[in-house]
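Visitor: A structural model of the following input is requested.
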Amino acid sequence: MGLLSLLFLDELSHGLAHLSMFPFFDTAHYFVTVMSLREQKGVLQVSRSSPLACWFSSMLFCFGGGLLTGLMMAEPPIAPLANGTNVLIASTVWYLVFYCPKDLVYCLASFMPLRVVLSGMKEVTRTFKVLAGVNQAHRKYKDALMVMIAVGWAKAAGGGLMANFEQLIRGVWKPETNELLNMSYPTKITLIGAVLFSLQKNQYLPLQTNHLMLFYTVFIVVNKARMMLTGATASPFATIESLVQNTLFCGSSPYAALPAEENKSCNGTGSAAKNGAAGNHPPTEGCRALPENREDSEITSCKKTD
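Guide: Model (predicted):
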């Protein structure tokens, strides 16, 4: 029985490895990606005021991995757009999601069972993109493990990593949403996949490529479906991340006492005395919080005049 199950597993893994992503899986990827863009705040207004900017943002999300990988590998970053068929399909999906009469396509694709299927198909494409990025780096840098991890990560998570540039196209600048500062679940799981496939490529993991593809794909598809059906937002690696951070990255810092010293000075022990001596103001005046920008000060002055 064990031999039969092993043979079945081998056949299944080979079938997955030879599965074609075009056109169905690629189309599912475009649908999920464009829908996630539409659901961001302010994107619908941009789609009405500037359709070109909306289309360009959608193409960055759909082909961001290829663009970013081209920049990293010193190759033409615009090469992913050379495939006119894929660009046409992605553009058609973009138009239907944003401009279909009565939002029929968006409402249909938002139907939970169908959206779970589309998201699962998108996760399958993630496996192939990570592996393609690792192989692309391996052809040029044979034993460069870090390069293979970086390129594999960028190939499958380029849309998220380029989110700040995409926001600039829509006139939004939010550096605090950088994926390196606030890493989302897709970016984390892609990084883990890039590490695993890079280790396997360098023969540090005793697994065949097709078997690793099968295990990784099953995990990300099942976990994505579970998160969508249960409404869970927490990462499945939250416990491990918390343990690693508390163990390795929570050492005491000499700068930790600075905020406390500043608070003491604002209570009158330091700079308050200087302020009182210089301008004969009460100690609390020197430590009053100033408005962060001009709009806050104008609002405060308006309230006083009212």
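Visitor: what pLDDT does the nearest residue to residue 173 once chain neighbours are set aside get?
Guide: Nearest non-adjacent residue to residue 173, counting by C-beta to C-beta, 6 or more residues apart in numbering: residue 167, 6.6 Å away. Where C-beta positions appear, they are placed from N, C-alpha and C, glycine not excepted. On the pLDDT scale, residue 167 is placed at 91.
Visitor: and for the one 3 residues further on?
Guide: Per-residue confidence (pLDDT) for residue 170: 90.
Visitor: who's in contact with it?
Guide: The neighbourhood of residue 170, defined by C-beta atoms under 8 Å, 6 or more residues apart in numbering, consists of 42, 43, 46, 53, 54, 57.
Visitor: which of the residues you listed are buried, as a ChimeraX select command?
Guide: A single ChimeraX command selects the buried members of those (16 or more other C-beta atoms under 10 Å):
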select :43,46,53,54,57
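Visitor: now for the residue nearest to residue 173: which residues touch it?
Guide: Residue 167 sits in contact with 173, 174, 177, where contact means C-beta under 8 Å, 6+ apart.
Visitor: repeat the analysis, applying 10 Å as the threshold.
Guide: 40, 42, 57, 173, 174, 175, 177 (C-beta atoms under 10 Å, 6 or more residues apart in numbering).
Visitor: please report how far residue 193 lies from residue 156.
Guide: 7 Å (C-beta to C-beta, to the nearest Å).
Visitor: hey, what's in contact with both of those two?
Guide: Joint contacts of residue 193 and residue 156 (C-beta under 10 Å, 6+ apart) are 126, 127, 129, 130, 131, 133, 134.
Visitor: what segments of the stretch 1-150 of the chain are helices?
Guide: Using DSSP state H, counting those that start in this stretch, the helices of the stretch 1-150 of the chain run over residues 2-17, 24-38, 43-49, 51-72, 84-99, 104-109, 112-140, 145-161.
Visitor: burial measure for residue 226, as a count.
Guide: Neighbour count of residue 226, defined by other C-beta atoms under 10 Å: 12.
Visitor: pretty sure it contacts residue 234?
Guide: No. Counting by C-beta atoms under 10 Å, residue 234 is not a contact partner of residue 226; they are 11.5 Å apart.
Visitor: so what sits against both of these two?
Guide: Listed as contacting both residue 226 and residue 234 by C-beta under 10 Å, 6+ apart is no residue at all.
Visitor: spatially central residue in this protein, please.
Guide: Taking C-alpha atoms, centre = their mean, the centroid of the chain lies closest to residue 160, which sits 3.3 Å from it.
Visitor: got the contact list for that residue?
Guide: Contacts for residue 160 (C-beta under 10 Å, 6+ apart) come out as 36, 61, 64, 65, 166, 179, 183, 184, 186, 187, 190.
Visitor: can we see that at 7 Å?
Guide: Shown in contact with residue 160 (C-beta atoms under 7 Å, 6 or more residues apart in numbering): 179, 184, 186, 187.
Visitor: list the buried residues for stretch 139-150?
Guide: So stretch 139-150, judged by 16+ other C-beta under 10 Å, has buried residues 145, 147, 148, 149, 150.
Visitor: stretch 170-188 now?
Guide: So for stretch 170-188, counting by 16+ other C-beta under 10 Å, buried means 170, 179, 183, 185, 186, 187, 188.
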